[in-house]
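Undergrad: Build the 3D model from these lines:
(chains A and B, ligands or ions: 2)
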Amino acid sequence: MADALHPPVSLPTQRSCPFDPPDGYSPLRERERITRMSYPGGTPGWLVTRYAEAKELLVHKSFSARQEGIISPVPTELAYDGPAAPGAFAKTDDPVHSKYRKLITGFFTVRRTRQLAPMIERIVHEQLDDLEKAGPGADLVEVFTESVPSRVMCEMIGVPESERKSLQRHVETTGRLSATVPEALAAVSAMSGFLARFVPARMDDPRDDVLGDLIRGGQLTEQELMGMTATLITGAFDTTGNMLAMGVYALLEHPGELAKLKEDPELMGAAVEELLRFLTISHLGASRWALEDVEFAGRTVRKGEVVTVALPAVNRDPERYENPDQLDIGRTDHGHLGLGHGVHQCLGQHLARTILRVGYEALFDRFPTLRLAVPADEIPMRDDFVHYGPGSLPVTWED
Amino acid sequence: MRITANREVCCSAGQCTLIAPDLFDQSDEDGSVVLLDAQPGAGRLDVLREIVSRCPSGAIRLEEDPGA
Ligand code: HEM
Ligand code: SF4
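TA: Ligands and ions are numbered 1, 2, ... in the order given. The predicted structure follows:
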């Protein structure tokens, strides 16, 4: 017999420390395997905060990622409840999902992304040149962390530099939960306008890049190529930028860990994994909905109900990690879900890892005395964005 | 000990290649797993168990030697 249900909660969002998940998660994770949750507007659904259940849910065949059934776990006017656009495979299920994913994954393998390291290094160093020019007091987010990932992705798919900044703004708007409907619509239509100019032009004249290869492959329509390009742009920009910035902020505020890293650069790979686990910037988690009534974690999840997997809570599960709330860059036990799990596990994960590794290495190498230029509690946090991170990061250093 | 990798179910997440690039690679066409060494030494057992638990599709199977 299952225990009686507790009254539904809403998604915990209040943090007492910028590096820790919202405080409300721990008691729920301790209490039960799956929690009744009330979605904005009062729709009943569920919340998963434990590692084992999260992994099980994200590979469960009775749960769908299709956009038309997903409800946002936090209030926002951005909600769109129609089906995903052709080629926008993140919010689809197999076999549609795997059809697209198989066409694109070859460009994002461990080996292929490592081959991109020289290009990424060049971009990282150019942005660090800008940081040097901007001088102490500069905002690391503006000059470095948000520019590097967007430049890398634009270079991979051949988006001209002249378009990048405005695309970046539109991606930012569509990820801001507090954006109004007119703001969001303007951003979406500007993005679509760009795609409708860019993709057909490249189809007439395919370049030597990822988009060119997809076009030459001949398996995708213009609409699908547009959906795929949009998915790559929105998937890469904000996620990696916030993670890059959040990692720098966390390392600066954990000087012991930063010192360990400087002493032993071999730790970089493990440090990146640990930062992905500890910081889990996909703070709204991953959502799925039940395709049928299904027994899960001792409860009956009704057809159509949404389950949110709280990735930040899952990655701090004490059943899974020793001292989960400690940032320990020497940790060898990874397997975090910061990049998801199952067939939707992040397509760009190896690219992200390479950008993070190269980015941290170069930054702390060229600016060994880097520190915050303002007290830590003055750093504004992007609680109201789909991806969490510092809104700005003023830094200084000894010349 | 013997490893098998089922390319039909593999979802190309690359956890295998990330953890043990000497044993696994991914194809350039669709990113699916390519087994480089199906019978590594027993010294790799821990690494392989880790990969089996991290592989999100269940594509990788490990047949451990009886009694090992
Ligand atoms: C540190 C940076 C990143 C983080 C934290 C991150 C996080 C995630 C997470 C948690 C998911 C799973 C969502 C779910 O299961 O519902 C995901 C999927 C995805 N990510 Fe990332 N991501 C990052 C970087 C990137 C980059 C650089 C790209 C560029 C290609 C990218 C493209 C995608 C795509 C296309 C999906 C959907 C995959 C699918 O449905 O098959 N991400 N990401
Ligand atoms: S970890 Fe599993 S799903 Fe990922 S590439 Fe390797 S075999 Fe395929």
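Undergrad: SS state for residue A:194?
TA: At residue A:194, secondary structure determined by DSSP: H, G, I helix; E, B strand; the rest coil is helix.
Undergrad: center of the chain - which residue?
TA: If you meant another chain, say so; for now it's chain A. Taking CA atoms, centre = their mean as the criterion, residue A:239 is the residue nearest the geometric centre of chain A, at 3.7 Å.
Undergrad: you looked at the wrong chain, it should be chain B
TA: Taking CA atoms, centre = their mean, chain B has its central residue at residue B:60, 4.8 Å away.
Undergrad: which bits of the stretch 1-150 of chain A sit near ligand 1?
TA: Residues of the stretch 1-150 of chain A that fall close to ligand 1, judged by CB under 6 Å from any ligand atom: A:65, A:89-90, A:97, A:101. Yep, even glycine has a C-beta here, placed from its N, CA and C like the rest.
Undergrad: and with 5 Å instead?
TA: Residues of the stretch 1-150 of chain A lying close to ligand 1 (CB under 5 Å from any ligand atom) are A:90, A:101.
Undergrad: Run a quick neighbour tally on residue 19.
TA: With no chain named, the answer covers chain A. Residue A:19 has 14 neighbours, counted by other CB atoms under 10 Å in any protein chain shown.
Undergrad: wait, chain B
TA: For residue B:19, using other CB under 10 Å, the count is 18.
Undergrad: for it, phi and psi?
TA: phi -80, psi -40 (degrees, to the nearest 10).
Undergrad: quick one: it and residue B:55 touch, right?
TA: No - using CB atoms under 8 Å, residue B:19 makes no contact with residue B:55, being 9.6 Å away.
Undergrad: I figured the residue nearest to the centre of chain A hits residue A:283, correct?
TA: No - the pair residue A:239 / residue A:283 is not scored as a contact, 11.5 Å apart, by CB under 8 Å.
Undergrad: Now the common contact residues for these two.
TA: residue A:387 (CB atoms under 8 Å, 6 or more residues apart in numbering or on different chains).
Undergrad: Can you list the residue ranges for strands in chain B?
TA: Using DSSP state E, the strands of chain B run over B:2-5, B:24-26, B:33-35, B:60-63.
Undergrad: So what are the sheet partners of the second one and their directions?
TA: Next to strand B:24-26 in the sheet, as set by DSSP bridges, lie strand B:33-35 (antiparallel).
Undergrad: how about the strand it pairs with: buried residues?
TA: Within strand B:33-35, the residues scored as buried using 16 or more other CB atoms under 10 Å in any protein chain shown are B:33-34.
Undergrad: contacts for that strand?
TA: B:3-5, B:7, B:10, B:12, B:16-17, B:23-27, B:59-60.
Undergrad: Now, of these, which are buried?
TA: Buried, going by 16+ other CB under 10 Å: B:3, B:5, B:10, B:12, B:16-17, B:23-27, B:59-60, out of these.
Undergrad: Could you pull out the buried residues of stretch A:278-298?
TA: A:278-291, A:294, A:296-297.
Undergrad: can you tell me which of these are in strands?
TA: Filtering the buried residues of stretch A:278-298 for strands - DSSP E - leaves A:286-290, A:294, A:296.
Undergrad: Which residue, neighbours along the chain excluded, lies closest to residue A:70?
TA: In space, and not counting its chain neighbours, residue A:70 is closest to residue A:287: 5.1 Å by CB to CB, 6 or more residues apart in numbering or on different chains.
Undergrad: now do residue B:6
TA: Nearest one to residue B:6, counting by CB to CB, 6+ apart, is residue B:59 at 4.7 Å.
Undergrad: That neighbour reaches residue B:9, doesn't it?
TA: Yes - counting by CB under 8 Å, residue B:59 touches residue B:9, with 4.8 Å between them.
Undergrad: I'd guessed the residue nearest to residue A:70 sits against residue A:307; true?
TA: Yes - look at residue A:287 against residue A:307 with CB under 8 Å: they come within range, at 7.0 Å.
Undergrad: and the residue nearest to residue A:70, what is it in contact with?
TA: A:65, A:70-73, A:306-309.
Undergrad: Look up which residues are beta-bridged to it.
TA: residue A:308.
Undergrad: so how many other residues sit close to residue 43?
TA: Going with chain A. There are 13 residues near residue A:43, going by other CB under 10 Å.
Undergrad: oops, chain B please
TA: The burial count for residue B:43: 7, using other CB under 10 Å.
Undergrad: what's the closest non-adjacent residue to residue A:226?
TA: Nearest to residue A:226 is residue A:195, by CB to CB, 6+ apart, at 4.4 Å.
Undergrad: per-residue confidence for the residue of the stretch 251-399 of chain A found nearest ligand 2?
TA: Nearest residue of the stretch 251-399 of chain A to ligand 2 (CB to the nearest ligand atom) works out as residue A:345 at 7.9 Å. Here, the pLDDT recorded for residue A:345 equals 93.
Undergrad: Distance of the closest residue to it other than its chain neighbours relative to residue B:31?
TA: Counting by CB to CB, 6+ apart, the nearest residue to residue A:345 once its immediate chain neighbours are dropped is residue B:13, at 4.5 Å. Distance of residue B:13 to residue B:31, given as CB to CB, to the nearest Å: 8 Å.
Undergrad: What degree of burial does the residue of chain B found nearest ligand 1 show, as a neighbour count?
TA: For chain B and ligand 1, the shortest gap (CB to the nearest ligand atom) falls at residue B:11, measuring 7.9 Å. The tally of other residues near residue B:11 (other CB under 10 Å) stands at 24.
Undergrad: hang on, it packs against residue A:345?
TA: Yes - the pair residue B:11 / residue A:345 is scored as a contact, 7.2 Å apart, by CB under 8 Å.
Undergrad: So which residues on the stretch 101-250 of chain A come close to chain B?
TA: Those residues of the stretch 101-250 of chain A that sit near chain B, judged by CB under 8 Å from any CB of the partner chain, are A:101-103, A:105-106, A:108-112.
Undergrad: 10 Å instead?
TA: A:101-114, A:217 (CB under 10 Å from any CB of the partner chain).
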